[in-house]
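Undergrad: let me see the structure of the following:
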Amino acid sequence: MNYFVKGNPDLCIGCRTCMIGCVVAHEGKRIFEIDPDSYTFNPKLHMVKTAVLSVPVQCKHCENPACMAVCPVSAISQQEHCVIIDTGKCMGCKSCMDACPFGAIDMVPVAGKYQADGSEKKVANKCDLCSGIPGGPACVRVCPTEALTLVTEEELEESAENKRKKAALSAFSENYPQE
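TA: The predicted structure follows:
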């Protein structure tokens, strides 16, 4: 089963610390010490912020990912409980972006790479659960309100069991009211 990060809009304050943590974890650069005009900030998640809601939106690492099914060059694969994009293979066709039901994939420029027509090369970008980075997803680790949680198979099974118990108790109390 693939893991994913779940956001709690009741706890999220929309500070975007998750986005900064994501970029720092993936770039390995001291982004706070370089010229901001010389760097493209490309987090692998997006903050949705409205007057009444704020929560990061990121890849749910589907079991049968639509993005992987439509990729014409097999740049998307499932590895170690997550869905990964091989940006070296990605040709920037945007099929995965169109197929994602969550809007979790965007296209980002590749520094120093250009298309045949001279335009900047762009590739697909999405959450990879900080694959290969010690400590797991940076967004979860840096969230100041603990609004983000890494959901694993064990946690899903526990949650489902708790829901079943609650449903059974509810059905029991409806049929056998306590007086």
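Undergrad: spatially central residue in the protein, please.
TA: Residue closest to the mean C-alpha point of the chain, counted by CA atoms, centre = their mean, is Gln58 at 2.8 Å.
Undergrad: distance of it from Ile85?
TA: Gln58 sits at a distance of 13 Å from Ile85 (criterion: CB to CB, to the nearest Å). C-betas here are computed from N, CA, C, even on glycine.
Undergrad: any chance you could map the strands in the protein?
TA: 4-7, 46-49, 54-57, 76-79, 82-85, 106-114, 120-125, 148-151 (DSSP state E).
Undergrad: other residues contacting the longest one?
TA: Identification of contacts with strand 106-114 by CB atoms under 8 Å, 6 or more residues apart in numbering yields 40, 42, 46, 87, 92, 94, 97, 120-126.
Undergrad: which among the residues you listed end up buried?
TA: Among those, those scoring as buried are Asn42, His46, Gly92, Met97, Lys121, Lys122, Val123, Ala124, Asn125, Lys126 (criterion: 16 or more other CB atoms under 10 Å).
Undergrad: return the helix or strand in the protein with minimum mean pLDDT.
TA: helix 153-175 (a mean of 86; mean pLDDT, DSSP states H and E).
Undergrad: how about the contacts of strand 106-114 in TSV, adding distance to Ala147 and pLDDT?
TA: Below are the contacts of strand 106-114 laid out as TSV (distance: CB to CB, whole Å; pLDDT from 0 to 100):
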residue	distance to Ala147	pLDDT
Thr40	26	73
Asn42	22	89
His46	15	93
Thr87	28	93
Gly92	32	94
Lys94	30	96
Met97	25	97
Glu120	34	90
Lys121	34	92
Lys122	30	95
Val123	29	96
Ala124	26	97
Asn125	22	97
Lys126	20	97
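Undergrad: lowest-confidence stretch among the strands of the chain?
TA: Ranked by mean pLDDT, the strands of the chain bottom out at strand 106-114, with a mean of 89.
Undergrad: thank you kindly, that will do.
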